[in-house]
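>>> Predicted model and sequence below, questions to follow.
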Amino acid sequence: TADELAGAKLKAQMMTREMGALENPTKKQTKALEDQWRAVDRLEQRQKSEVAQMGRVRSELYRMGVSATDGAGATNRIANETARYNRLLQEQERQLKRAGEQQRRMNDAKAQYDKTRELRNNIAGTGAATVASGVAMGAPVLAAVKSYSSIEDAMKGVAKQVNPLLDDKGGRTAKYHEMQQAIKAASEQIPMANGAVDFAALVEGGARMGVSSDQDPWAKQKADLLSFAMTSAKAAKAFELPADQLADDLGKIAFLYKVPTQKIEDLGDALNYLDDNSQAKGADIINVMQRMGDVADKLSYKQAAALGSTFLSLGTQPEVAASASKAMVRELGIASMQGKRFIQGMDLLGVNAPDLEKGIANNAMSTIKDVRSRIKKLPASKRLSAMTMLFGKEFGDDAAKLANNLDELDRQLALVEGGKAKGSMQRESNIDKDSLSSQYSLLKTGLAN
């Protein structure tokens, strides 16, 4: 460029002298001289621009630790780095071509590469052009390595809990890669903050809680773990709680109430439907159900959820709702061992100890409702006394409150035992999935995968 500028200036100066020697130069000669000086101006502007660009490139080189005056050492380093990036890109291309669905992404990557190469060729200088293009191509490679390392770290936790993923020497088995691909695919169905990494954490949590068994066939193990993780993710969205916390809570409730893995989504649906159709919050219902664990053998998870939710809807705090629920089951279940006060309460209601104990053992909820209906038939002035005789001063008023609102208990039992609760989490998940923020989250997850 410097040679072109010098030549253009020399030619313009010669033409100027020649024109000065002419008495009457023609318009054509005058225009030619003007064009020549304009060409000089353009070359000067171009030189200034390239000098500025070289300054920026030199600064970038120094930032990377490469001096433009390093000579052969810098050239060798640049060549080695470029060769390494090219090898990485070739391997990336080979991997991407294995999946037809990713062909579009590969085309986009190639288009970006072409643009980078064109930019490189336009940068003045020899070594500077190579480094500039190497930096541009290396950035997405490093980003991909960082993203992949995150899912690999998450998979380490999964592999520690799921035995078939590693062989006897600690090497990865084919099932490891199969599970990793399944986790990535599942993470693109429901938006999560960290995509596949978060979903892998849910799978790990499910395995730690014994959602699957190593004695089961691999296909069942994988299906159970993925199903549990998906249910936890949907529940987290529905209840607006952290996914790992929800997974832990659902796992504990499923264990306490003997809910099979295949029914965990039904558990989540029941809780969510109560959350949507009562005054109780899902998180509080979960709290109550966990506190009621020692009577879980007497109530189904649906009955426990409805009973706890009814207490909560009537303004009872979670810890009191759980204690009152347990007191009713426990006290009625040991009626023959109770004292004089309890016997007076039974006489007042017209029930006897053997019938109460048998009822609690065979159908606790029906027995509780029967006692409540008998209490409601008493004069209002005697209801609290009857409740206190049966359940003590601590929970007598809460039990009386429930007796006066039997219709609400019946309504909430109908909510969880009817067919409308099924699929409630999926419906909310579908609504959320259509939002712009969720679509953007899913897009980022897909690109990361």
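Nice, thanks for sending it over. Numbers count the residues shown, from 1 in each chain.
>>> Could you report the distance from the nearest residue in space to residue 307 that is not next to it in sequence to residue 345?
Once flanking residues are discounted, residue 307 sits nearest to residue 325: 5.2 Å by C-beta to C-beta, 6 or more residues apart in numbering. (C-beta placed from N, C-alpha, C; glycine too.) Distance from residue 325 to residue 345, counting by C-beta to C-beta, to the nearest Å: 18 Å.
>>> Okay, strands next: where are they in this structure?
Under the criterion DSSP state E, the chain carries no strands.
>>> check contacts around the residue nearest to residue 307.
288, 292, 295, 304, 307-308, 311 (C-beta atoms under 8 Å, 6 or more residues apart in numbering).
>>> Return the residues in contact with residue 219.
By C-beta under 8 Å, 6+ apart, the contact set of residue 219 is empty.
>>> scratch that, residue 374 is what I was asking about
With C-beta under 8 Å, 6+ apart, residue 374 has these contacts: 349-351.
>>> Any of these buried? List them.
349, 351 (16 or more other C-beta atoms under 10 Å).
>>> Listing request: residues of the stretch 151-300 of the chain with sub-threshold pLDDT.
For the stretch 151-300 of the chain, not a single residue meets the criterion pLDDT under 70.
>>> how much space between residue 306 and residue 270?
Per C-beta to C-beta, residue 306 is found 8 Å from residue 270.
>>> How about residue 13?
Between residue 13 and residue 270 the computed distance is 93 Å (C-beta to C-beta).
>>> Looking at those two, which is more packed in?
The neighbour count for residue 13 versus residue 270, taken as other C-beta atoms under 10 Å, is higher for residue 270 (25 against 13).
>>> What sits closest to the more buried one if chain neighbours are left out?
Closest residue to residue 270 apart from its sequence neighbours, by C-beta to C-beta, 6+ apart: residue 416 at 4.4 Å.
>>> Can you give me the pLDDT of that neighbour?
Turning to residue 416, the model gives it a pLDDT of 94.
>>> try residue 311
pLDDT for residue 311: 93.
>>> what sits against it?
So residue 311 contacts 288, 320-321, 324-325, 398, 402 (C-beta under 8 Å, 6+ apart).
>>> Please flag which of those sit within helices.
In this view, the contacts of residue 311 that belong to helices under DSSP state H are 288, 320-321, 324-325, 398, 402.
>>> Distance of residue 344 relative to residue 358?
Separation of residue 344 from residue 358 (C-beta to C-beta) stands at 21 Å.
>>> now residue 264
32 Å.
>>> Compare those two (neighbour count), which wins?
Under the criterion of other C-beta under 10 Å, the comparison of residue 264 against residue 358 puts residue 264 first, with 23 against 13.
>>> Confirm for me that that one is in contact with residue 227.
Yes: counting by C-beta atoms under 8 Å, residue 264 sits close enough to residue 227 to count as a contact (7.2 Å).
>>> what stretches of the stretch 301-449 of the chain score poorly on pLDDT?
For the stretch 301-449 of the chain, no range has pLDDT under 70.
>>> Among the contacts of residue 311, which one sits closest to residue 162?
The closest of the contacts of residue 311 to residue 162 turns out to be residue 288 (C-beta to C-beta; 32.0 Å).
>>> how close does the closest residue to the closest one other than its chain neighbours sit to residue 325?
Of all residues not flanking residue 288 in the chain, residue 308 sits nearest, at 3.5 Å (C-beta to C-beta, 6+ apart). Distance of residue 308 to residue 325, computed by C-beta to C-beta: 6 Å.
>>> Quick check: neighbours shared by the two?
By C-beta under 8 Å, 6+ apart, the residues touching both residue 308 and residue 325 are 288, 292.
>>> Count the residues that sit near residue 425.
What residue 425 shows, counting by other C-beta under 10 Å, is a neighbour count of 26.
>>> Quick check: chain neighbours aside, which residue is closest to it?
residue 234 (4.4 Å).
>>> show me where the stretch 201-350 of the chain has helices.
Along the stretch 201-350 of the chain, counting by DSSP state H, counting those that start in this stretch, helices occupy 218-239, 243-256, 264-277, 282-291, 301-313, 318-333, 340-349.
>>> Check these for me and report the most buried one.
Highest mean neighbour count among these (mean count of other C-beta atoms under 10 Å): helix 301-313, with a mean of 26.
>>> what's the angle between it and helix 318-333?
Computed by axes from the mean of the first three to the mean of the last three C-alpha atoms, to 10 degrees, the angle separating helix 301-313 from helix 318-333 equals 120 degrees.
>>> Would you mind putting the CA coordinates of helix 301-313 into PDB?
Only the C-alpha atoms of helix 301-313 are listed here, as PDB (Å, rounded to 0.1, in the frame of the first residue of the first chain):
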ATOM      1  CA  TYR A 301     -51.100 -40.200  49.800                       C
ATOM      2  CA  LYS A 302     -54.300 -38.700  48.300                       C
ATOM      3  CA  GLN A 303     -56.200 -38.900  51.600                       C
ATOM      4  CA  ALA A 304     -53.200 -37.500  53.500                       C
ATOM      5  CA  ALA A 305     -52.900 -34.600  51.000                       C
ATOM      6  CA  ALA A 306     -56.600 -33.800  51.100                       C
ATOM      7  CA  LEU A 307     -56.700 -33.900  54.900                       C
ATOM      8  CA  GLY A 308     -53.600 -31.800  55.300                       C
ATOM      9  CA  SER A 309     -54.800 -29.400  52.600                       C
ATOM     10  CA  THR A 310     -58.200 -29.000  54.300                       C
ATOM     11  CA  PHE A 311     -56.600 -28.000  57.600                       C
ATOM     12  CA  LEU A 312     -54.400 -25.600  55.800                       C
ATOM     13  CA  SER A 313     -57.300 -24.100  53.900                       C
END
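>>> How far off centre is it?
Offset of helix 301-313 from its chain centre (C-alpha atoms, centre = their mean, to the nearest Å): 29 Å.
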